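Student: for reference, the sequence and a predicted model appear below.
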Amino acid sequence: MSGPSPGSPALGNGSSPGPDYRARVGSQEVVLPVVELSAELSIALLITVDQSLAFMAQAGRELAELLVPAGVEVVATAATMGLPVAIEVSRALGKDDYLVLHKTPKIHLRDALVEPVRSITTGPVQHLRLDRARAHCVSGRRVAFVDDVVSTGSSAAAAVRLLRRAGAEVVAIGALLTETDAWRATLGDDAHLVRALGAIPVFRSSSDGSTGEDWTG
């Protein structure tokens, strides 16, 4: 485990994972609920669909500013928590369209391009689906994949693989927050594409009953 870097947020009660965690998302502060995944591991959850429209609009503008140098032509995301991010980033970039990678089977996705993915918050293996009828939106174009949080990096890596299979040139991976540094190893050569407005740790319990922030994962 390692402590937070200078200026990083503190736990809501100042010592251990309690009901919330204060984090910075660009210029804004947000209070995140801390939930237990196991007896040893807890995480802070950013639920984008529960944030105000004003918060998401500001976050979208600030994330878009980080993505401008990449020359993004199209924004892509994964349902569901990435949707507000993609909408606001696209709006801030002056785009009138974005691409959604779906996680649930739908009638129009019977012939979709499919990529397996496992998320830290969902557990079982899921599948990202890219509608072949929408593949032309990213084929041969400079694409930024955006999401709420990049944690283990598994979801972002699967999205990048799927977008590249559709012919996209993935030039950036944008997130409101990164969680620990575990995503760097997962993304490998693509880790340099990540642009985020903030960072959060996970919380690990020790045998003596104490809990600490883990920034490495």
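Tutor: Done, it's in. Numbering: from 1, shown residues only.
Student: show me where the protein has its strands.
Tutor: All strands of the chain, identified by DSSP state E, fall at 20-25, 28-36, 41-44, 74-78, 99-101, 113-117, 126-130, 142-150, 169-179, 194-196, 199-200, 202-205, 211-214.
Student: any chance of those strands in CSV, plus distance to Arg61, mean neighbour count and mean pLDDT?
Tutor: In this view, the C-beta of every residue, glycine as well, is placed from N, C-alpha and C. As requested, these are exported to CSV (distance: least, C-beta to C-beta, whole Å; neighbours: other C-beta atoms under 10 Å; pLDDT from 0 to 100):
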stretch, distance to Arg61, mean neighbour count, mean pLDDT
strand 20-25, 12, 20, 96
strand 28-36, 11, 16, 95
strand 41-44, 23, 20, 95
strand 74-78, 13, 26, 98
strand 99-101, 20, 22, 96
strand 113-117, 28, 17, 91
strand 126-130, 27, 21, 92
strand 142-150, 13, 27, 98
strand 169-179, 12, 24, 98
strand 194-196, 14, 19, 98
strand 199-200, 19, 24, 98
strand 202-205, 28, 20, 94
strand 211-214, 29, 18, 91
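Student: and of those strands, who's closest to Gln51?
Tutor: Nearest to Gln51, of all those, is strand 28-36, at 7.2 Å by C-beta to C-beta.
Student: ok, what's across the strand from the residue nearest to the spatial centre of the chain?
Tutor: The centroid of the chain falls nearest to Val149 when counting by C-alpha atoms, centre = their mean (2.7 Å). Under DSSP bridges, the beta-bridge partners of Val149 are Leu177.
Student: pLDDT on the longest helix along the chain, on average?
Tutor: Longest helix of the chain, by residue count under DSSP state H: helix 53-67. Here helix 53-67 scores 98 as its mean pLDDT.
Student: from the chain's centroid, how far away is that helix?
Tutor: 14 Å (C-alpha atoms, centre = their mean, to the nearest Å).
Student: buried ones in it?
Tutor: By neighbour count on 16 or more other C-beta atoms under 10 Å, the buried set for helix 53-67 is 55-64, 66-67.
Student: what's the burial count for Gly140?
Tutor: Neighbourhood size, Gly140 [other C-beta atoms under 10 Å]: 11.
Student: one step back: what sits up against the longest helix of the chain?
Tutor: By C-beta atoms under 8 Å, 6 or more residues apart in numbering, the surrounding residues in contact with helix 53-67 are 25-28, 30, 48, 51, 84-85, 87-89, 91-93, 144, 146, 172, 174-176, 195-197.
Student: try 10 Å this time
Tutor: 25-30, 46, 48-49, 51-52, 72, 75, 84-95, 144, 146, 148, 171-177, 194-198 (C-beta atoms under 10 Å, 6 or more residues apart in numbering).
Student: gap between Gln58 and Val89?
Tutor: From Gln58 over to Val89 the distance is 12 Å, taken as C-beta to C-beta, to the nearest Å.
Student: oh, that last question was meant for Arg195, not what I typed.
Tutor: 11 Å.
Student: need the residues touching each of the two.
Tutor: By C-beta under 10 Å, 6+ apart, the residues touching both Arg195 and Val89 are 63, 65-67, 144, 146, 174.
Student: tell me the confidence at Tyr98?
Tutor: The model reports Tyr98 with a pLDDT of 97.
Student: got it, and Pro17?
Tutor: pLDDT at Pro17 comes out at 48.
Student: now do Gly3
Tutor: The predicted local confidence for Gly3 is 38.
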